[in-house]
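Participant: here is the input, now give the coordinates:
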Amino acid sequence: MKDNYQTVLDSPAFRKMVVRKWTISIVLTMIMLSAYFGFILTIAYDKTYFSQLVADHVTLAIPVGIGLIIFAWLMTGVYTYWANNYYDKEVEEIKKQL
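Facilitator: Okay, here's the model as predicted:
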């Protein structure tokens, strides 16, 4: 039984799946971190940019911050879509090999 697991772990299909999962995870993480830190760094180095009023008593920082939260949800949705439609199918194929 242990040989079957080792065969799967050493298989090119499994390695390709692991690399693809890490690639997707790292790319989406970098995109999210770039957006978040871009927002924070803009606040830190150019306070006047986000202090512009877009409505009575509402600065630009509020809609941009809300947009950042929505963007995070969308990124989660992208990962979930990918995992449900591609990753899970690859996992099932590899499970069949056991």
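Participant: can we go C-alpha only for contacts and neighbour counts from here?
Facilitator: Noted.
Participant: what's around Phe14, how many residues?
Facilitator: The number of residues packed near Phe14 is 17, by other Cα atoms under 10 Å.
Participant: ditto for the one 3 residues further on
Facilitator: Residues contacting Met17 under the criterion other Cα under 10 Å number 16.
Participant: tell me the pLDDT of the residue lying closest to it once chain neighbours are set aside.
Facilitator: Leaving aside its sequence neighbours, Met17 sits nearest to Glu90 (Cα to Cα, 6 or more residues apart in numbering; 7.0 Å). On the pLDDT scale, Glu90 is placed at 91.
Participant: all further residue positions should be reported with the first residue as 460.
Facilitator: In the new count, where the first residue is 460, that last one comes out as Glu549.
Participant: ok, Glu549 touching Arg474?
Facilitator: No: under the criterion of Cα atoms under 8 Å, Glu549 makes no contact with Arg474, lying 11.2 Å away.
Participant: neighbour count for those two, which is higher?
Facilitator: Higher neighbour count among Glu549 and Arg474: Glu549, with 16 against 13, using other Cα under 10 Å.
Participant: ok, the more buried one to Thr482 distance?
Facilitator: Distance of Glu549 to Thr482, computed by Cα to Cα, to the nearest Å: 15 Å.
Participant: which SSE is immediately downstream of the helix ranked longest in the chain?
Facilitator: Counting residues, the longest helix found in the chain (DSSP state H) is helix 471-504. On the C-terminal side of helix 471-504, the closest following helix or strand by DSSP states H and E is helix 506-509.
Participant: show me what that following helix is packed against.
Facilitator: Packing partners of helix 506-509 (3 or more Cα pairs under 8 Å, 6 or more residues apart in numbering; DSSP states H and E): helix 471-504.
Participant: quick one: average pLDDT of the helix it packs on?
Facilitator: So the average pLDDT for helix 471-504 ends up being 94.
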